[in-house]
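[1] Turn this into a model:
(chains A and B)
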Amino acid sequence: MENLNAVQAKEMIMYIADKIIEAKPMLTEVDSAIGDGDHGIGMAGGLTKAKTKVEKMESPEDVYAVFHAAGKAMLMSMGGASGVIFGSMFMAGAKGMDPVGEIGAEELAQMMKRSLEAIQERGKAQVGDKTMVDALSPAVDAMEASASEGIVPMLTRAEAAALAGVESTKNFEAKFGRAKTQGTTIGFQDAGATSVWIIFKSMKEYAETH
Amino acid sequence: MKKFINNPEDVVSEALTGFVDCYSNYYEKHEEVNGVLLKNRRKDKVALVIGGGSGHEPMFSGFVGKGLGDAAACGNIFASPDPGTIYETAMAVENSKGVLFVYGNYAGDNLNFDMAEELLEEDGVKSTHVRVWDDCASAPKDRLTDRRGIAGDLFVVKIAGAACDAGLELDEVKATAEMARDNLRSIGVASSPGQIPGLDKPTFEIADDEMEYGMGIHGEKGIERTKMKTVDEITEYLYFNIKKDMEINSGDEVCVLINGLGSTTILEMSIAYRKLKELLDADGVQVHDSDINSYCTCQEMGGFSISILKLNEELKKLYDMPCYCPYYAKEGK
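    Numbering: from 1, shown residues only, chains lettered A, B, ... in the order given. Got it, this is the predicted structure:
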């Protein structure tokens, strides 16, 4: 894949949705260890809405509109902190962009960077706070650093960076949300960061085969 | 844990339907979202919209009423409602005089209510919010805005509702509700966990002979876990911790709520109230009004909290205005 067009963006989101829905039991288990255990249910529900939304877009012509629609469907259905944060991951970077039929690696990297900035501004989380930012921030750094290599190599590096980010959350104590429950959270990975990794892994897998 | 449910995914919508059908003399459900709307609302005032995650019933849906909330936006179990639900609920009850949101201070609620306010602003509807952070066990005093909202929500809703009824403008209603919030402290004790319907694990684990001071209403970590104590000892500890956080002097007038977390009985909480009254009397503090009830619960969680609202002239006047809903009513003085 050299560029991502609007139809592929739609298919990519549907592929991500399937992978998150598939991972629902795993995400529930990860979240139950230190949180209230509803992350998998919330993410699967939100991405089901996103999938339904983009499925209805027959022959879309604007890549950004597809991402925006998916994010908005999540934002307007999920609730909780995850709804705003993961809705913003798809929506914020695409918001207000001029319509384009396809985007390259550089544009995709910049879109995710804008989303990360919006998420950090709203959620106030920094790297090391044991949140999804611990996976998203290094993934965006990796995208920016390798955008010149093309979409597939870039997403491969982003996935690896996100996975390393998930691993890093085991070393941190949670500062946000319901993860502040009993006992220490050190040694456990963050569920939100895990979802970010699954999303990047799915983007990479889709890009590799199209 | 055994639960009287059907499909876990339908719990919130089925419960809201049943609740609104039962109290259809007072309420209607928003046609599109999980919002509980008061029928026969006054239309000449600031709209008070309350809300948060479900699972704490009767908070928040049960505090929609005359002189209370005009509507409640309800999320999934222990999760904030989404911005669309909050926005649509607010739009259904706003009267061109602005909307005040009152909700508990949690990351998810703050994010979603903020986004709903942005959506309202795009439509030219004025809105603002008061976040309730009454749980003085949840963070130290120099980090007030990190504290969680628990049963004290009720007092802020009561005062804000009365301020709306009194015809105050939006900024005045907000200032008054903030005054109530700032004169309010709560702290709880937990003895057994609640459980989210559909999940197979309780919100936390605790030994049969243990209890935990300061635990949150979703099972967030408290300040001290000890062996079970007598209710007199517990009440003394809770009152002492509130006094450490908020000055209470001889001659002060207060409103008091002993709030059950789900499975603790009125019988037990009445014993706690008896002790609390004794302590307040000894300090020369006058109780203006008080309640013993389970208003802000965590499913079948065991335990209770004490909330104390310190009155001044303005708060007292508003507290003494009448209010009515099926779960909470004050005659007015």
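[2] all helices of the stretch 151-300 of chain B, in order?
    Per DSSP state H, counting those that start in this stretch, the stretch 151-300 of chain B carries helices over the ranges B:153-165, B:170-182, B:231-245, B:266-282.
[3] all strands of chain A, in order?
    Using DSSP state E, the strands of chain A run over residues A:4-5, A:102-103.
[4] What separation is there between the nearest residue to residue A:144 once chain neighbours are set aside and chain B?
    Spatially, and ignoring its direct neighbours in sequence, residue A:144 is nearest to residue A:109 (5.2 Å; CB to CB, 6 or more residues apart in numbering or on different chains). No exception for glycine: its C-beta is placed from N, CA and C like everyone else's. Distance, residue A:109 to chain B, using CB to the nearest CB, to the nearest Å: 25 Å.
[5] pLDDT wise, what is residue A:109 at?
    In this prediction, residue A:109 carries a pLDDT score of 98.
[6] That one: what's it in contact with?
    By CB atoms under 8 Å, 6 or more residues apart in numbering or on different chains, the contact set of residue A:109 is A:140, A:143-144, A:147, A:154.
[7] Quickly note the distance from it to residue A:13.
    Counting by CB to CB, to the nearest Å, the separation of residue A:109 from residue A:13 is 18 Å.
[8] Might you enumerate the residues of chain B proximal to chain A?
    By the rule CB under 8 Å from any CB of the partner chain, the part of chain B lying against chain A is B:9, B:53, B:75-85, B:106-108, B:111-112, B:114-115, B:196, B:198-199, B:201, B:203-205, B:218-221.
[9] try 7 Å this time
    Residues of chain B lying close to chain A by CB under 7 Å from any CB of the partner chain are B:75-76, B:78-84, B:107-108, B:111-112, B:115, B:196, B:199, B:201, B:203-204, B:218-221.
[10] Out of these, which sit inside strands?
    Those of the residues of chain B next to chain A lying in strands (DSSP E): B:75-76.
[11] Give me the buried subset of the residues of chain B next to chain A.
    Buried members of the residues of chain B next to chain A, counted by 16 or more other CB atoms under 10 Å in any protein chain shown: B:75-76, B:78-84, B:107-108, B:111-112, B:115, B:196, B:199, B:203-204, B:218-221.
[12] Pick out the residue nearest the middle of chain B.
    Closest residue to the average C-alpha location of chain B: residue B:153 at 2.9 Å, with CA atoms, centre = their mean.
[13] Contact partners for that residue?
    B:59, B:104, B:132, B:296 (CB atoms under 7 Å, 6 or more residues apart in numbering or on different chains).
[14] mind redoing it with 6 Å?
    With contact set as CB atoms under 6 Å, 6 or more residues apart in numbering or on different chains, residue B:153 has these partners: B:104, B:132.
[15] For residue A:103, see how far away it is.
    For residue B:153, the distance to residue A:103 - CB to CB - is 46 Å.
[16] can you check residue A:92 too?
    Using CB to CB, residue A:92 is found at 16 Å from residue A:103.
[17] shaky segments in the chain?
    Just so you know, I chose chain A. Scanning chain A for pLDDT under 70 picks out A:177-183.
[18] Check it and tell me which residue is nearest its centre.
    Centroid check for chain A by CA atoms, centre = their mean gives residue A:196 as the closest residue, at 4.3 Å.
[19] just checking, that residue touches residue A:137?
    No: counting by CB atoms under 6 Å, residue A:196 does not reach residue A:137; the two are 9.5 Å apart.
[20] Against chain A, how distant is the residue nearest to the centre of chain B?
    18 Å.
[21] was I right about residue A:206 contacting residue A:14?
    No: the pair residue A:206 / residue A:14 is not scored as a contact, 9.0 Å apart, by CB under 6 Å.
[22] if we can go back for a sec, make JSON lines out of the strands of chain A and add mean neighbour count.
    Below are the strands of chain A laid out as JSON lines (neighbours: other CB atoms under 10 Å in any protein chain shown):
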{"stretch": "strand A:4-5", "mean neighbour count": "21"}
{"stretch": "strand A:102-103", "mean neighbour count": "19"}
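[23] can you tell which of those strands is closest to residue A:162?
    Closest approach to residue A:162 among these is made by strand A:4-5 (18.2 Å; CB to CB).
[24] so what secondary structure elements neighbour the closest one?
    Of the remaining helices and strands, none touches strand A:4-5 by 3 or more CB pairs under 6 Å, 6 or more residues apart in numbering or on different chains; DSSP states H and E.
[25] and residue A:81, how many neighbours?
    Residues within reach of residue A:81, counting by other CB atoms under 10 Å in any protein chain shown, total 28.
[26] same check, this time on residue B:38
    Neighbourhood size, residue B:38 [other CB under 10 Å]: 21.
[27] just residue A:129 next, same as before
    Neighbour count for residue A:129, taken as other CB under 10 Å: 19.
[28] next one: residue B:332
    Neighbour count of residue B:332, defined by other CB under 10 Å: 12.
[29] got it, and residue B:32?
    Close neighbours of residue B:32, defined as other CB under 10 Å, add up to 11.
[30] re earlier: now flag whichever of the contacts of residue A:109 is closest to chain B.
    Using CB to the nearest CB, residue A:140 comes nearest to chain B of those, at 20.2 Å.
[31] Report how many residues lie close to the closest one.
    Neighbour count for residue A:140, taken as other CB under 10 Å: 24.
[32] Repeat that for the one 5 residues further on.
    The tally of other residues near residue A:145 (other CB under 10 Å) stands at 14.
[33] Please determine how far it is located from residue B:68.
    According to CB to CB, residue A:145 and residue B:68 sit 55 Å apart.
[34] before we move on, what about residue B:177?
    Counting by CB to CB, the separation of residue B:177 from residue B:68 is 12 Å.
[35] Next: residue A:49.
    According to CB to CB, residue A:49 stands 32 Å off from residue B:68.
[36] Kindly report the same for residue A:131.
    Taken as CB to CB, the span from residue A:131 to residue B:68 is 35 Å.
[37] Neighbour count: those two, which is higher?
    For residue A:131 versus residue B:68, neighbours defined as other CB under 10 Å are more numerous around residue A:131 (31 against 27).
[38] and the closest residue to the more buried one other than its chain neighbours, how many neighbours does it have?
    Nearest in space to residue A:131, with sequence neighbours left out and distances taken as CB to CB, 6+ apart, is residue A:125 at 4.4 Å. When counting by other CB under 10 Å, one arrives at 23 neighbours for residue A:125.
[39] same check, this time on residue A:162
    29.
[40] which ones are touching it?
    Residue A:162 makes contact with A:135, A:139, A:196-197, A:200, according to CB under 6 Å, 6+ apart.
[41] out of those residues, which is most surrounded?
    Counting by other CB under 10 Å, top hit in the contacts of residue A:162: residue A:135 with 32 neighbours.
[42] So that one sits against residue A:168, correct?
    No: judged on CB under 6 Å, residue A:135 makes no contact with residue A:168 at a distance of 8.4 Å.
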